[in-house]
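A.B. asks: attaching a predicted model along with its sequence, questions to come.
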Amino acid sequence: MQKLLQSREVFQSKKFLTVKIFIKMEKIKVTLIRSIIGASKRQKRTVQALGLRKINSSSEHTASPQVLGMVNKVNHLIKVENI
């Protein structure tokens, strides 16, 4: 019975000993350079989700896989710069 309790304590202590590692994500600046007139609805929604409204409007995002996928879908409409 004591062995079972000891193994639970070890398991609980391992939970508290976990270390969180924060990875520094790069930031990117996205600028709308072409009009969204004539683009599909999906592309218009993607541009809007990136926070872009008018031509030459810019927004900053972290370079997460989700944002990079959105940028890839509308790369013909926007300009991307690393910050």
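C.D. replies: Yes, it's here.
A.B. asks: and stretch 58-73, C-alpha only, in CSV?
C.D. replies: Presented in CSV, the C-alpha positions along stretch 58-73 are these (Å, rounded to 0.1, in the frame of the first residue of the first chain):
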residue,chain,number,x,y,z
SER,A,58,-1.3,47.6,-42.2
SER,A,59,-1.5,45.3,-39.2
GLU,A,60,1.1,43.4,-37.1
HIS,A,61,0.7,39.7,-36.2
THR,A,62,2.9,37.0,-34.6
ALA,A,63,4.1,34.6,-37.2
SER,A,64,2.0,31.6,-36.0
PRO,A,65,1.1,28.8,-38.4
GLN,A,66,-2.5,30.0,-38.6
VAL,A,67,-1.5,33.5,-39.6
LEU,A,68,1.1,32.3,-42.1
GLY,A,69,-1.6,30.1,-43.7
MET,A,70,-3.9,33.1,-44.1
VAL,A,71,-1.0,35.1,-45.6
ASN,A,72,-0.3,32.3,-48.0
LYS,A,73,-4.0,32.3,-49.2
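A.B. asks: average pLDDT for it?
C.D. replies: Averaged across stretch 58-73, pLDDT comes to 94.
A.B. asks: would you mark the buried spots in stretch 75-83?
C.D. replies: If you call a residue buried by 16 or more other C-beta atoms under 10 Å, then stretch 75-83 has these buried ones: L77, I78. From N, CA and C alone the C-beta is placed, and that goes for glycine too.
A.B. asks: end to end, how far does that stretch reach?
C.D. replies: Across stretch 75-83, the straight-line distance between its terminal residues is 18 Å, by C-alpha to C-alpha, to the nearest Å.
A.B. asks: centre of the chain to it, how far?
C.D. replies: Average the C-alpha atoms of stretch 75-83, do the same for its chain, and the two points are 15 Å apart (C-alpha atoms, centre = their mean, to the nearest Å).
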